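Novice: Just need the structure, nothing else, for what follows:
(chains A and B)
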Amino acid sequence: MKRTYLDYAAATPVRPEVNKYIQPFATNNFGNPSAIYLEGRIAKQALEHARELVAKNLNCRAHEIIFTNGGTESINLAIFGIAHAYKKFFKKPRIITSQIEHPAVLESVKKLAEEGFEIKYVSTNKFGEINLTELKKYLNSQTILVSIMYANNEIGTIQPIEKISTIIKRFRQKKYLPFFHTDACQAANYLNLDINRLGVDFMTLNGGKIYAPKASGVLYKKSSVSIDPIIFGGGQEKNLRSGTENITSWIGFAKALELAQKEKTAEIKKVKKLRDYLQKNILKIPKTILNGHLTQRLPNNLNIIIAGIEGESLILELDKAGIAASTGSACHSRNLEPSHVLKALGLSREIIHGSLRLTLGKYTTKKEVDYVIKTLPKIIQKLRNLSAIKII
Amino acid sequence: MPKKIIKTPNKSNDLVKNNIPWVYSKIVKEHFFHPKNFMNLKEEKTFKFNAYGEAGSPVCGDLMKLWLWIDSKTKKIKNCRWKTFGCGSAIASTSMLSVIITENGGMKIDKAKKIKPQDIIKRLSGLPDIKIHCSVLGDQALKNAINDYLKK
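Specialist: Numbering: from 1, shown residues only, chains lettered A, B, ... in the order given. Model (predicted):
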C-alpha cells in the first residue's frame, strides 16, 4: 500500500542530493581525520569544509561549530557543559527554561536539580507562547543559563528568540551570565538561523529533522564561552565530545542545512498552502480543536484535539489506512503520561488523550493531503462509535 | 528452548520486506480492527440488558462501559455489549472479554466474577507489561455489572 507520511517532525528521509553527496565518504574516503596520512587528511578537509558551511549558514565562525551525534547530545552538551563549568562560582546556581521544552532539555535540568541547581520553568499562554514577564522575573544574579526552544516540536509555536535575547542582554549588562541556549531542532527548515540576529550564545540543531542522516547534529557555541565536556576520550571536537568524527553524517548535515536554508522561503510557501488546506478541512470535523498559535507556528505543523477518542487507537487506525502520524496521548508514550506540552497549554488530561499531530514536509503532495481529508473522518466516526465517551 | 536463528539478509531492503511485526499480538490486532459485541449506535436504545457496569476514567485515558443480559434461571451471561474509550489494547481486551463471557452458551456469573486481567491477557497472546495495568479494566467493569444485577 502507498504510504502517506505525515510525521516529518519525528524523522525526515535523507534527501537524494545529500545521499549522493555523502556516499564517497561512507565507502572510499573512510579515513580517520585524526590521522596525518592522506586518507586522514581527506577526511579532515571534508570535516572542516562541513564546519565552514554550517558556520556560513548560521553567520558565525567555523570554530564555533561543534558537531555531535544529534539534537539530544547537543542539548546535553550545552546544559551540562555550562552547568558543570560554572556551578562552582555560585551558591545556588539557577537555570531558567520553559514548561514546553523537549525532554532532552527537561530531563537534563531535572538531573541538575538533583545536583543542587534551582530550576525555574516559564509557563506559556494557551497558544504556547512563553510568558516573557515571568522570564524577566526569574532572572537573578544566580542564573547561569536560560534555555528556550525556537519552535516547539508538538504544536509548532515559534518563540520570539530575538526578544528573549534582548531581555537577557539587558539583564546581564556587562556580565557574561546568564547564557542563552536555544533548541532550534524543529526550526532549521523554515526559520532564520542567523546567530547575530537571534543573539543566542548556544544553539542546537539536528540533522534527522532536516533531511540529513539521523544521529548528526550541531551545537553552536559562542567562541568566548568555555564549557565542560560531556564525553571523554581522544579529545575530538575541541575536547568537548570525544569519539571518532561521524564524517559521513556530519558532511551530510552541512549539505542538508545549506539546502534547507537556501530553499526555506519557497518551502514555507509550498508547505503552508498544503497545511492550511488540510487544517481548514480537518477542523470541519465536529468537536475538533486546533492546538498552538494561529500565525506564530511552523508552517508544516498541525496539531488538533479530537474529542471522544484516544490517540493510540487513532494512530493504529491511520497506520492501517497507510497514514503515519503522531499523538500526545499517554497510551502512546513510554511513561504513560500525556503530553507535557499540551498540559502546559492548560488542556485537561482527558482531551489530551485525543490529540493528533500531523507534520508535513518536503515530499508531501496535495494528493496525500486529500487522502487524509477523505480518510480521517471515517476513522474518527468508527472510533467514536466504539467510544464510551459520548460526543454530543 | 532452541535458540532463535537470526539470518542476516543480503540486502538491507530485505529487512523491510520481511514480515514487520504489528504493535501487539495478532489476536489483539484482530480484536482491535474488528471488535466483537460492541454497542452499535443503532442498538443503544433497543439492546435488552439487566446489568450494567463501568470502569476506568477518561482522565486516565481509559473508560469502559459494559451491558449484560443475564439469564435469570441459569445465571449465565447470554448476551453483552460494550463501549470503550482507550488505546488499542484497551479496545481489544474489552472485545476479548465479551467473547470469553458469552462463548459456549454463556458463562455463569459466579465464574465470571472470578475473571482476572491475566485470563484476558492470556487469550490475547499477551500484552506489553506497561499496558497491563491501565488497559485491562474489563474484569472490574464485569464485576460492577454483576453486582448491579445481584442488587436488583
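Novice: The stretch 251-392 of chain A: strands as residue ranges?
Specialist: Applying DSSP state E, counting those that start in this stretch to the stretch 251-392 of chain A gives strands spanning A:288-291, A:301-306, A:323-324, A:355-359.
Novice: Return the longest one as PDB; C-alpha atoms alone will do.
Specialist: These are the backbone C-alpha positions of strand A:301-306, laid out as PDB (Å, rounded to 0.1, in the frame of the first residue of the first chain):
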ATOM      1  CA  ASN A 301       2.600  21.700  11.800                       C
ATOM      2  CA  LEU A 302      -1.000  20.800  12.500                       C
ATOM      3  CA  ASN A 303      -1.900  19.600  16.000                       C
ATOM      4  CA  ILE A 304      -5.600  19.100  16.900                       C
ATOM      5  CA  ILE A 305      -7.700  17.600  19.600                       C
ATOM      6  CA  ILE A 306     -10.400  15.200  18.600                       C
END
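Novice: one step back: redo the strands of the stretch 251-392 of chain A as JSON lines? Include distance to residue A:107.
Specialist: (C-beta placed from N, C-alpha, C; glycine too.) Shown next, in JSON lines, are those (distance: least, CB to CB, whole Å):
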{"stretch": "strand A:288-291", "distance to residue A:107": "23"}
{"stretch": "strand A:301-306", "distance to residue A:107": "22"}
{"stretch": "strand A:323-324", "distance to residue A:107": "26"}
{"stretch": "strand A:355-359", "distance to residue A:107": "21"}
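Novice: Just put those strands in TSV and tack on mean pLDDT.
Specialist: Listed next are those as TSV, based on pLDDT from 0 to 100:
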stretch	mean pLDDT
strand A:288-291	98
strand A:301-306	98
strand A:323-324	98
strand A:355-359	97
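Novice: any idea how far the residue of chain B found nearest chain A is from residue A:330?
Specialist: Going by CB to the nearest CB, chain A is nearest to residue B:87 of chain B, at 3.4 Å. Noted for residue B:87: a distance of 9 Å to residue A:330, by CB to CB, to the nearest Å.
Novice: Next to chain A, which bits of chain B? Give me the list.
Specialist: Counting by CB under 8 Å from any CB of the partner chain, the residues of chain B close to chain A are B:23, B:32-33, B:35, B:38, B:40-41, B:54, B:58-65, B:83-88, B:90-91, B:130-131, B:134-135.
Novice: From those residues, which land in strands?
Specialist: Judged by DSSP state E, the subset of these located in strands is B:54, B:62, B:63, B:64, B:65, B:83, B:84, B:85.
Novice: check contacts around residue B:144.
Specialist: B:53, B:54, B:55, B:66 (CB atoms under 8 Å, 6 or more residues apart in numbering or on different chains).
Novice: Just the helices from the chain, written as ranges.
Specialist: Let's take chain A. Here chain A has its helices, by DSSP state H, at A:16-26, A:38-58, A:71-86, A:103-114, A:132-138, A:161-172, A:195-198, A:247-282, A:311-320, A:340-344, A:349-352, A:366-386.
Novice: if you could check chain B rather than the one you did, that'd help
Specialist: Ranges of helices in chain B, per DSSP H, are B:14-17, B:26-33, B:88-102, B:109-112, B:117-123, B:129-135, B:138-151.
Novice: now those helices in JSON lines, with mean pLDDT?
Specialist: Below are the helices of chain B laid out as JSON lines (pLDDT from 0 to 100):
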{"stretch": "helix B:14-17", "mean pLDDT": "77"}
{"stretch": "helix B:26-33", "mean pLDDT": "96"}
{"stretch": "helix B:88-102", "mean pLDDT": "95"}
{"stretch": "helix B:109-112", "mean pLDDT": "96"}
{"stretch": "helix B:117-123", "mean pLDDT": "94"}
{"stretch": "helix B:129-135", "mean pLDDT": "77"}
{"stretch": "helix B:138-151", "mean pLDDT": "95"}
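Novice: Indicate which one of those helices is closest to residue A:136.
Specialist: When those are compared by CB to CB, helix B:129-135 sits nearest residue A:136, at 41.0 Å.
Novice: Next, count neighbours for residue A:243.
Specialist: When neighbours are defined as other CB atoms under 10 Å in any protein chain shown, residue A:243 has 14 of them.
Novice: I figured it hits residue A:233, correct?
Specialist: Yes. With contact defined as CB atoms under 8 Å, residue A:243 and residue A:233 form a contacting pair (6.0 Å).
Novice: residues in contact with the residue of chain B closest to chain A?
Specialist: By CB under 8 Å, 6+ apart, the residues touching residue B:87 are A:310, A:311, A:312, A:313, A:329, A:331, A:332, B:61, B:62, B:131, B:135.
Novice: Likewise for residue A:71?
Specialist: A:102, A:104, A:183, A:185, A:204, A:205, A:206, A:208, A:209, A:217.
Novice: Can you give me the distance of the closest residue to residue A:359 other than its chain neighbours to chain B?
Specialist: Nearest non-adjacent residue to residue A:359, counting by CB to CB, 6 or more residues apart in numbering or on different chains: residue A:9, 3.8 Å away. Distance of residue A:9 to chain B, given as CB to the nearest CB, to the nearest Å: 21 Å.
Novice: burial measure for the nearest residue to residue A:111 once chain neighbours are set aside, as a count.
Specialist: Leaving aside its chain neighbours, residue A:111 sits nearest to residue A:80 (8.0 Å; criterion: CB to CB, 6+ apart). A total of 19 residues lie near residue A:80 under the criterion other CB under 10 Å.
Novice: Over to residue B:121?
Specialist: Residues lying near residue B:121 (other CB under 10 Å) number 20.
Novice: Run through the bridge partners of residue A:181.
Specialist: Assessed by DSSP bridges, residue A:181 has beta-bridge partners residue A:147, residue A:202.
Novice: how about it, what does it touch?
Specialist: Per CB under 8 Å, 6+ apart, neighbours of residue A:181: A:75, A:78-79, A:82, A:145-148, A:200-204.
Novice: Equivalent analysis for residue A:130, please.
Specialist: So residue A:130 contacts A:98, A:100, A:122, A:123, A:124, A:148, A:159, A:164 (CB under 8 Å, 6+ apart).
Novice: Just the buried ones from those residues?
Specialist: Neighbour-count burial (16 or more other CB atoms under 10 Å in any protein chain shown) applied to those gives A:98, A:100, A:122, A:124, A:148, A:159, A:164.
Novice: Now the two most distant members of the residues you listed.
Specialist: A:100 and A:164 (13.9 Å).
Novice: For chain A, name the helix or strand with the lowest mean pLDDT.
Specialist: For chain A, counting by mean pLDDT, DSSP states H and E, helix A:349-352 ranks last in confidence among helices and strands (a mean of 90).
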